[in-house]
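Kindly generate the corresponding structure for this input.
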Amino acid sequence: MNFSKIPTNIVIIFAVFKINYLHMKNLVLIITAVLFGLQYSCQDYKKKDNKKEKILSKEQITKIKAREHIKNNKIQTCKIFEHRYKFGKSEKNGAPISENNFDRNGRITEEIIYQPDGNIFAKTIYKYDTDGNLTEDIMYKSDGSLHLKTIYKYNIHRNEIENITYTADGSTAGKTTSKYDTNGNKVESKDITYITYGNILIKTTSKYDINGNKIENIYLSDNGIVRRTTYKNDTNGNRVEEIKYKSDGSTDRKIISKYDINGNIIEHIMYKSDGSIDRKIISKYDINGNRTEEIMYDKLNEPETLYRYVYEYY
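You can find the predicted model right below:
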């Protein structure tokens, strides 16, 4: 799942949550980095294994730190509830929208998405190799039948170089291949979605600054540039601005983010193409840095939805 390819540092707005079945690969990074508001600068984070030095990108560092955070806090389950606002007050009894289960090493092992009526919409199981790399995820429908299965492959630096998604009958639903620079940063990825009347190919190229922070994404199809996104980061490596451009070069939307002294995201303001505010999200955390709630405000700065995070521990 990739939430329509929203970058990993943007808070997921569950009110407009849409499942993209063909891109489950981003969930592990998103669900850990977003749930716990983690941001890390890209320093010399390297691991030696069998005399081979593994160079980790900032994205990989974020994954590792997020897992360490979950492990150290002994988090077993995180469940998110949605509370709508009525007449300025949030509903007392919220509806569950997702549940994520982790093992003792901080790795997500199961994700459950709920329907508005509280019944299960889909469930995904995650499997890992001995190095902790995600090797397989399997999505099941609400009736327990297989929906999609994704297999992942990595290079010696633990960078994901390929994932292929298969349908229940074994046919290919999608494929993604990726290339990296010498610092482990993903510089190119190609996504192919297989549909009935032909294949859709989207190629993504990325640029980074000297600190390993992503500063631009360009999305290309066979017909040329589909869209472009630029990013700005502060001195701590936190993403503070994101601007999305349309294929004609005009601004589509802009997102400004603020952080606390611990690097946790505390505010997102989303602007429309005309510069007016579309949405604002305020996040709160406990003393351990776990996100406890998010409040989403509408364009009039009125509270619209409260998302409450409930944890269970080992």
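
what's the spacing between the nearest residue in space to Lys153 that is not next to it in sequence and Ile125?
What sits nearest to Lys153 in space, not counting adjacent residues and going by Cβ to Cβ, 6 or more residues apart in numbering, is Glu162, at 4.4 Å. In short, each C-beta sits where N, CA and C put it, glycine included. Glu162 sits 20 Å away from Ile125, going by Cβ to Cβ, to the nearest Å.

again with Asp260
From Asp260 across to Ile125, the span is 34 Å (Cβ to Cβ).

same deal with Val226?
32 Å.

Same question for Asn163.
According to Cβ to Cβ, Asn163 stands 16 Å off from Ile125.

now swap in Asp286 and tell me
Relative to Ile125, and taking Cβ to Cβ, Asp286 is found at 28 Å.

cool, Lys203 as well?
Counting by Cβ to Cβ, the gap from Lys203 to Ile125 is 30 Å.

Likewise for Tyr307?
With Cβ to Cβ as the criterion, Tyr307 and Ile125 are 24 Å apart.

just Gly289 next, same as before
Taken as Cβ to Cβ, the span from Gly289 to Ile125 is 27 Å.

which of Asn163 and Ile125 has more neighbours?
Asn163 (24 against 15; other Cβ atoms under 10 Å).

Settle this for me: that one is touching Tyr154, isn't it.
No. Under the criterion of Cβ atoms under 8 Å, Asn163 makes no contact with Tyr154, lying 9.9 Å away.

Backbone dihedrals for Lys71, please?
Main-chain dihedrals, Lys71, degrees, to the nearest 10: phi -60, psi -50.

hang on, it packs against Ile108?
No. Using Cβ under 8 Å, Lys71 is not in contact with Ile108, being 11.8 Å away.

Who has more neighbours out of these two?
Neighbour tally, Lys71 and Ile108, criterion other Cβ under 10 Å: the higher count belongs to Ile108, 25 against 16.
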